[in-house]
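Undergrad: Here's a sequence, model it:
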Amino acid sequence: MKGYRAERKVKLLLTEVGWKVVRAGGSLGEYDLIAFKEGSCIFFQIKSTKKSKFYYYGYMQDTYEGFPFRLVVDFGRNNIRISEPRKMFGPSDGQNFHEFLNGNSFQ
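TA: Sure, this is the predicted structure:
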């Protein structure tokens with residue numbers, strides 16, 4: 001349930017800034033969300049934790065089928081981070097997700 005809430009939160013944040021989002025969650029594939037906007041497509045793996053470190057063991061490439069693949073970790077307290085996949089992820093790693101949404105830049 002925790003994972004679903006994080007996916008839903010990220011989907012809502014993306015749609016609020018104009019992305020069209022398809023949920024593909026349920027641990028059935030490499031990604032949880034696919035987002036489209038103005039000819040861009042991004043695949044997202046969404047994770048959630050209350051710990052100070054998150055260890056990721058999933059898909060480790062920065063592209064999926066030729067499109068950007070990003071890891072999004074919700075650390076709670078409005079601290080959502082986005083980055084290319086990495087094995088260890090902390091609450092100050094990557095880019096703040098709200099900054100990503102405002103700038104639409106990829107790290």
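Undergrad: In terms of secondary structure, what does the longest helix along the chain contact?
TA: Longest helix of the chain, by residue count under DSSP state H: helix 2-16. With contacts defined as 3 or more Cβ pairs under 8 Å, 6 or more residues apart in numbering; DSSP states H and E, the packing partners of helix 2-16 are strand 20-23, strand 33-37, strand 40-48, strand 67-74, strand 80-83, helix 97-103. C-beta coordinates here come from the backbone N, C-alpha and C atoms, glycine included.
Undergrad: what's the following helix or strand past the fifth one packed up against?
TA: Scanning forward in sequence from strand 80-83, with DSSP states H and E defining helices and strands, the next element found is strand 88-89. Counting contacts by 3+ Cβ pairs under 8 Å, 6+ apart, strand 88-89 packs against strand 54-55.
Undergrad: So in that sheet, which strands flank the strand it packs on, and in what orientation?
TA: Strand 54-55 pairs in its sheet with strand 88-89 (antiparallel), by DSSP bridges.
Undergrad: can you pull the buried residues of the longest helix of the chain?
TA: For helix 2-16, the neighbour count (16 or more other Cβ atoms under 10 Å) marks 6, 7, 9, 10, 11, 13, 14 as buried.
Undergrad: Repeat that for stretch 66-84.
TA: Applying 16+ other Cβ under 10 Å to stretch 66-84 flags 68, 69, 70, 71, 72, 73, 74, 75, 80, 81, 82, 83 as buried.
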